[in-house]
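Asks: what would the 3D arrangement of this be:
(one chain, ligands or ions: 1)
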Amino acid sequence: MATRPAPAPRPAHRLTRPDTRVYVGDCREILPRIPACARGEVDLVFADPPFNWQVKYDEWHDGLPRDEYLRFTERWLDLCVDALAPHGALWVNIPDDTAAEIVVHLKNERRLHMINWCVWHYRFGQNRMGSFIQSKVHALYFVKDPKNRVWNPGEVLEPSDRATTYFDPRTDNKKAGVNGLRVPMDVWYGRYWGRIQGNNAERRARHKNQLPEVYLERVIRACSDERMLVLDPFLGSGTTGVVARELGRRFIGVEYSPANAASAFERIKAGAVRVRKGEPTRQVTAIFPPRRRGASV
Ligand SMILES: C[S@@+](CC[C@H](N)C(=O)[O-])C[C@H]1O[C@@H](n2cnc3c(N)ncnc32)[C@H](O)[C@@H]1O
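Replies: Predicted coordinates:
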């Protein structure tokens, strides 16, 4: 006798205009049952999984044996790839320990194309004497088809060092409408880009490893259009959801902990702190003070 397909799960929390859904459970169990994921209709996936660093995530046990963690990683990666539309993009936020394994899996097993291996650099890494202090996480950007992807460089431009530090006249490209601006480099840092801790205005109580809103703003603006569907299988404090909604994208988030999911939903309802729909956030990221006007580059 044929077995019936499992019924579609009900979102624990939901908003409309644009459609925003939060599901509670293990993403490995939930994703294949969400119709849009099963049909491969997701335009953009952003995944910031547990790093297996013994973080206290309310309910999730963040200390699996290494083999088990790798099997877990490959499973959710596969489900995210399956959920993606043919033009879709997958971003993964992951530290040094497992970045290489993820890249090899996505390239060799799933035949995805890597567009960028970005680095999110933050200044307040934990102090240590035994090796250099860790101050980065990898932001891996993959697509199914490099010739058919959503890419909006004009949405994420930032002031170029050549303009702000050196006053280089070659940056005055008024014709292209990008006067003094450039696509950001692949190492991301700057004002508002620090780890969210202490009395940061974005901080959500009780959440571990909350990402800055501007990080998600860059990913979502660059790799999706309004009304497209964004998926985050590890919702946490809800950063992807709150930014996606602010920017008019439809959203699906999955979170293992019911308490985290409820808190993320409250945040999504309340709206973003930093990111605003109209104007993209733009900051100078030059590390040298402006040189004398007219000095040679
Ligand atoms: C690194 S945090 C995500 C942080 C998020 N990007 C933010 O900005 O707040 C990982 C989250 O995934 C959740 N989680 C862990 N394993 C999960 C699973 N199998 N399915 C769904 N959620 C899971 C944890 O409870 C935790 O809230």
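
Asks: residue 78: neighbouring residues, count only.
Replies: By other Cβ atoms under 10 Å, 17 other residues sit near residue 78. (Glycine included, C-beta is placed from N, CA and C.)

Asks: so where does it fall, helix or strand?
Replies: If you go by DSSP states H and E, residue 78 is part of helix 66-83.

Asks: if I pick the closest residue to the ligand within the chain, what's in contact with it?
Replies: Closest residue of the chain to the ligand, Cβ to the nearest ligand atom: residue 236 (2.5 Å). Shown in contact with residue 236 (Cβ atoms under 8 Å, 6 or more residues apart in numbering): 48, 207, 208, 209, 210, 255, 260, 264.

Asks: repeat that with 10 Å
Replies: Contact analysis of residue 236 by Cβ atoms under 10 Å, 6 or more residues apart in numbering lists 48-50, 57-58, 204, 207-211, 253, 255-257, 260-261, 263-264.

Asks: what do you get for residue 206?
Replies: 56, 58, 237, 257, 259, 260, 263.

Asks: cool, and residue 94?
Replies: Neighbours of residue 94 in contact, by Cβ under 10 Å, 6+ apart: 47-49, 51, 73, 100-103, 137-140.

Asks: in strands only, show me those.
Replies: 47, 137, 138, 139, 140 (DSSP state E).

Asks: near the ligand, which residues of the stretch 151-297 of the chain are found?
Replies: 207, 209-211, 233-234, 236-237, 239, 254-257, 260 (Cβ under 6 Å from any ligand atom).

Asks: so which of those belong to helices?
Replies: 239, 260 (DSSP state H).

Asks: ok, which stretches of the stretch 101-250 of the chain are strands?
Replies: 113-121, 136-143, 158-159, 181-182, 187-188, 229-232, 250-255 (DSSP state E, counting those that start in this stretch).

Asks: list the contacts for the residue lying closest to residue 254 once chain neighbours are set aside?
Replies: Spatial nearest neighbour of residue 254, excluding adjacent residues (Cβ to Cβ, 6 or more residues apart in numbering): residue 27 at 4.3 Å. Residues in contact with residue 27 (Cβ under 10 Å, 6+ apart) are 34, 37, 47, 49, 75-76, 79-80, 231-235, 253-256.

Asks: go with 6 Å
Replies: 76, 233, 254 (Cβ atoms under 6 Å, 6 or more residues apart in numbering).

Asks: again with residue 92
Replies: Contacts of residue 92 (Cβ under 6 Å, 6+ apart): 47, 102, 140.

Asks: how about 8 Å then?
Replies: Contacts of residue 92 (Cβ under 8 Å, 6+ apart): 47, 48, 49, 77, 102, 138, 139, 140, 142.

Asks: not counting sequence-adjacent ones, nearest residue to the third one?
Replies: What it means is residue 49. residue 234 (5.1 Å).

Asks: gap between the one you found and residue 132?
Replies: 28 Å (Cβ to Cβ, to the nearest Å).

Asks: and these two? Which one has more around it.
Replies: residue 234 (21 against 7).

Asks: what's the worst-scoring helix or strand of the chain on mean pLDDT in contact with?
Replies: Counting by mean pLDDT, DSSP states H and E, the chain has its least confident helix or strand at helix 161-164, which shows a mean of 82. For helix 161-164, contacts defined as Cβ under 8 Å, 6+ apart pick out 168, 170-171, 179-182, 284-286, 288, 290, 297.

Asks: pull the CA atoms of stretch 191-202 into PDB?
Replies: Coordinates of each C-alpha in stretch 191-202 appear next as PDB, following Å, rounded to 0.1, in the frame of the first residue of the first chain:
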ATOM      1  CA  ARG A 191      30.100  50.600  11.500                       C
ATOM      2  CA  TYR A 192      27.000  48.500  12.400                       C
ATOM      3  CA  TRP A 193      28.900  45.300  11.300                       C
ATOM      4  CA  GLY A 194      30.200  44.300  14.800                       C
ATOM      5  CA  ARG A 195      28.900  41.300  16.700                       C
ATOM      6  CA  ILE A 196      25.600  42.100  18.300                       C
ATOM      7  CA  GLN A 197      26.400  42.200  22.100                       C
ATOM      8  CA  GLY A 198      26.300  44.500  25.100                       C
ATOM      9  CA  ASN A 199      24.000  47.500  24.700                       C
ATOM     10  CA  ASN A 200      23.900  47.400  20.900                       C
ATOM     11  CA  ALA A 201      20.500  48.900  19.800                       C
ATOM     12  CA  GLU A 202      19.700  45.800  17.800                       C
END
